[in-house]
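Okay, sequence plus prediction incoming.
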Amino acid sequence: MRSERLNQLFERKSFRIVLSLLISLILWAYVEYVENPESTLTINNVPVEYVGAETLAENNLVVTEQDVTSVNIRFSGKRNILARLNRTDITARVDLTEILRGGNAVAGVYQIPFDVQYPDELSGLNADGVTTDYVTVTVEKLISRKIPVWTQFNGNVSSGYRAKDVTCELTEITVSGSQVIVANLDHAIAVLSGEDLTQTVSQETPLVLIDIFGEEVDSGQLTLSEEAALVSMQVQMVKEVPLKVNLVEGVSATAENTTVTYSTNSIQLIGDPAVLSDVQQIVLGTVDLTDFASSGSFTFPISVPENTENLSGVTTVTVTVEVLGQATRYFTVENIEVVANTEGYEAEIVTEIVSVVLRGPETSIVKVTADDIRVVADLSAYGSATGDFSATAKIYIDGFSDIDAIGEYTVDVTVIEADGE
């Protein structure tokens with residue numbers, strides 16, 4: 001009965017498959033871990049590491065070319081050790097100080113062998129096959145020299161703005177490298193870029209080397225004292241600003257019946273956008289409409305706001321002011337008085353007559369007589385002082401509210417202490 005069951009089991013296909021796999025696994029384990037045969041493994045594209053460049057530099061030498069950057073390495077050894085090998089554990093090292101052995105310290109072409117390195121726990125392996133046995137390097141004389149740093153702006157500013165004063169924190173840098181390359185360098189350039197700029201800009205920008213032929217030089221094999229520089233460019237606003245005078249109005253002359261003309265209506269300013277954006281006009285000064293009868297001409301200097309500059313070149317403006325629709329009359333006035341005389345003092349009016357000019361509507365001014373006009377001198381400014389004074393006087397036209405006096409007036413007075421009796 002048992003024999004029949006075994007026969008049936010062996011006759012099943014699934015049992016035979018499982019049995020075959022089990023036998024194969026046993027045989028593989030035996031070969032791998034008992035027999036552990038010798039085998040080979042090739043690792044491709046192992047990077048070449050060059051060491052000793054600093055020592056070469058100390059001897060005024062520099063490597064400018066090498067013909068190999070990676071190699072393929074064939075390893076041999078026990079299969080279980082090879083299985084643990086990883087490319088990241090492997091280094092193909094080239095010691096550049098081999099060039100200096102035997103006292104050599106000259107430029108030339110040298111062949112240097114590889115030193116294949118891998119972890120100590122894989123010491124049972126042998127690196128018995130490399131793509132090439134040697135790397136060929138070109139060594140040149142190392143020199144250092146200073147070159148100037150130039151600046152350049154690539155871009156544009158917005159309409160109404162102007163670029164000015166591109167500056168760099170560096171004026172020169174030191175470049176070290178092959179004599180053939182460094183000797184032909186002309187300058188380094190720091191390029192500032194930007195589009196539609198409206199304000200001052202600063203950028204940390206890489207330095208680009210330019211040779212004597214105006215061509216860009218790859219700095220990959222050179223050493224620069226500074227790789228980048230801070231470059232700044234002042235961006236200024238340009239603005240047309242109108243000019244204006246303030247009017248001091250009188251009774252008969254106001255802004256409504258006065259015309260003002262300027263020899264120059266506006267000037268062009270350039271300056272800091274933060275300042276200039278708030279400048280809407282430039283006030284030249286003040287014109288008192290009571291200082292003249294019908295028209296006057298005045299010259300004003302142009303003062304521009306701080307941190308701005310006048311691009312127009314105009315430094316003064318002539319302003320002509322004309323009062324329209326008013327008439328003038330001249331009077332000789334004898335009605336003179338003083339006010340604000342200090343108590344205990346007496347004022348004697350020396351001036352006997354004052355010539356007064358009045359301005360106002362024709363229909364009103366023809367009705368005025370000299371008796372309607374008073375000249376009043378104010379003595380408040382003199383306090384207890386005594387002596388002869390020319391006091392400022394004000395003109396009053398009694399009964400007329402649309403007429404005023406033109407110009408400035410004074411009255412001569414003598415102030416004495418009053419008699420105590």
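Here it is on my side, so go on.

residue contacts, the closest residue to residue 266 other than its chain neighbours?
Distances taken as C-beta to C-beta, 6 or more residues apart in numbering put residue 242 closest to residue 266, at 4.6 Å, once the chain neighbours are dropped. All C-beta atoms are positioned from the backbone trio N, CA, C, and that covers glycine. Applying C-beta atoms under 8 Å, 6 or more residues apart in numbering, we find residue 242 in contact with 265, 266, 280, 281, 282.

Just the buried residues out of these, in ChimeraX syntax.
To isolate the buried members of the contacts of residue 242 in ChimeraX, using 16 or more other C-beta atoms under 10 Å:
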select :266,282
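
Can you add secondary structure and pLDDT and give the contacts of residue 242 back as a markdown table?
Formatted as a markdown table, the contacts of residue 242 follow (DSSP: H, G, I helix; E, B strand; the rest coil; pLDDT from 0 to 100):
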| residue | secondary structure | pLDDT |
| --- | --- | --- |
| 265 | coil | 96 |
| 266 | strand | 96 |
| 280 | coil | 95 |
| 281 | coil | 96 |
| 282 | strand | 96 |
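
Are we agreed that the residue nearest to residue 266 is in a helix?
No: Residue 242 is assigned strand when assessed by DSSP: H, G, I helix; E, B strand; the rest coil, not a helix.

how close does it sit to residue 405?
Separation of residue 242 from residue 405 (C-beta to C-beta, to the nearest Å): 33 Å.

shaky segments in this structure?
Residue ranges of the chain with pLDDT under 70: 1-20, 23-36, 104, 121-122, 420-421.

Beta-bridge partners for the residue nearest the centre of the chain, please?
Against the mean C-alpha coordinate of the chain, by C-alpha atoms, centre = their mean, the closest residue is residue 201 at 2.3 Å. With DSSP bridges as the criterion, residue 201 is bridged to residue 233.

Surely it touches residue 167?
No: the pair formed by residue 201 and residue 167 falls short of the contact definition of C-beta atoms under 8 Å, at 11.5 Å.

okay, and the common contacts of the two?
By the contact definition C-beta under 8 Å, 6+ apart, residue 201 and residue 167 are jointly contacted by 232, 233.

re earlier: distance check, the residue nearest to residue 266 against residue 283.
Applying C-beta to C-beta, the value for residue 242 to residue 283 is 10 Å.

contacting residues around the host helix or strand of residue 196?
Assigned by DSSP states H and E, residue 196 belongs to strand 185-197. Contact with strand 185-197 is made by 145, 147-158, 161, 163, 166, 168, 170, 173, 175, 201, 203, 205-212, 214, 217, 224, 228-229, 231-233, 235, as judged by C-beta under 8 Å, 6+ apart.

hmm, which of the residues you listed are the buried ones?
When neighbours are counted using 16+ other C-beta under 10 Å, the contacts of strand 185-197 contain these buried positions: 147, 149-151, 153, 157, 161, 163, 166, 168, 170, 173, 175, 201, 205, 207, 209-210, 217, 224, 229, 231, 233, 235.

Could I get the full set of helices for the stretch 1-150 of the chain?
Here the stretch 1-150 of the chain has its helices, by DSSP state H, counting those that start in this stretch, at 2-11, 13-29, 53-58, 79-82.

Show me how the chain divides into domains.
Domain assignment of the chain by automatic domain parsing yields the ranges 2-35, 38-132, 144-235, 238-323, 327-417.

could you dump those domains to TSV with distance to residue 138?
Formatted as TSV, those follow (distance: least, C-beta to C-beta, whole Å):
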stretch	distance to residue 138
domain 2-35	48
domain 38-132	4
domain 144-235	9
domain 238-323	55
domain 327-417	94
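
how about the strands in the stretch 301-421 of the chain?
Ranges of strands in the stretch 301-421 of the chain, per DSSP state E, counting those that start in this stretch, are 308-310, 316-323, 327-333, 336-339, 345-349, 354-360, 373-378, 387-397, 404-406, 409-417.

any idea how far residue 188 is from residue 231?
The gap separating residue 188 from residue 231 is 12 Å, by C-beta to C-beta.

Confirm residue 237 sits in a helix?
No: read with three-state DSSP, residue 237 is strand and lies in no helix.

That one: neighbour count?
Neighbour count of residue 237, defined by other C-beta atoms under 10 Å: 22.

give me every residue that touches the residue nearest to residue 301 when sequence neighbours are not counted.
Closest residue to residue 301 apart from its sequence neighbours, by C-beta to C-beta, 6+ apart: residue 316 at 5.4 Å. Residues counted as contacts of residue 316 (C-beta under 8 Å, 6+ apart) are 299, 300, 301, 302.

Just the CA atoms of stretch 319-334, as PDB, please.
Extracted in PDB, the C-alpha atoms of stretch 319-334 (Å, rounded to 0.1, in the frame of the first residue of the first chain):
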ATOM      1  CA  VAL A 319       8.500 135.200 -15.100                       C
ATOM      2  CA  THR A 320       6.200 137.900 -16.500                       C
ATOM      3  CA  VAL A 321       3.000 138.700 -14.600                       C
ATOM      4  CA  GLU A 322       0.200 140.900 -16.000                       C
ATOM      5  CA  VAL A 323      -2.900 142.100 -14.200                       C
ATOM      6  CA  LEU A 324      -5.900 142.400 -16.600                       C
ATOM      7  CA  GLY A 325      -9.000 144.600 -16.500                       C
ATOM      8  CA  GLN A 326      -7.800 147.000 -13.700                       C
ATOM      9  CA  ALA A 327      -7.100 150.700 -13.800                       C
ATOM     10  CA  THR A 328      -4.600 152.800 -11.800                       C
ATOM     11  CA  ARG A 329      -4.500 156.300 -10.400                       C
ATOM     12  CA  TYR A 330      -1.900 158.400  -8.600                       C
ATOM     13  CA  PHE A 331      -2.700 160.500  -5.600                       C
ATOM     14  CA  THR A 332      -0.800 162.900  -3.300                       C
ATOM     15  CA  VAL A 333      -2.000 162.200   0.200                       C
ATOM     16  CA  GLU A 334      -1.700 164.500   3.200                       C
END
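
Enumerate the positions of it that are buried.
By neighbour count on 16+ other C-beta under 10 Å, the buried set for stretch 319-334 is 319, 321, 323, 326, 327, 328, 331, 333.

Can you tell me which of the residues you listed is nearest residue 340?
When those are compared for distance to residue 340 (C-beta to C-beta), residue 333 wins out at 20.0 Å.
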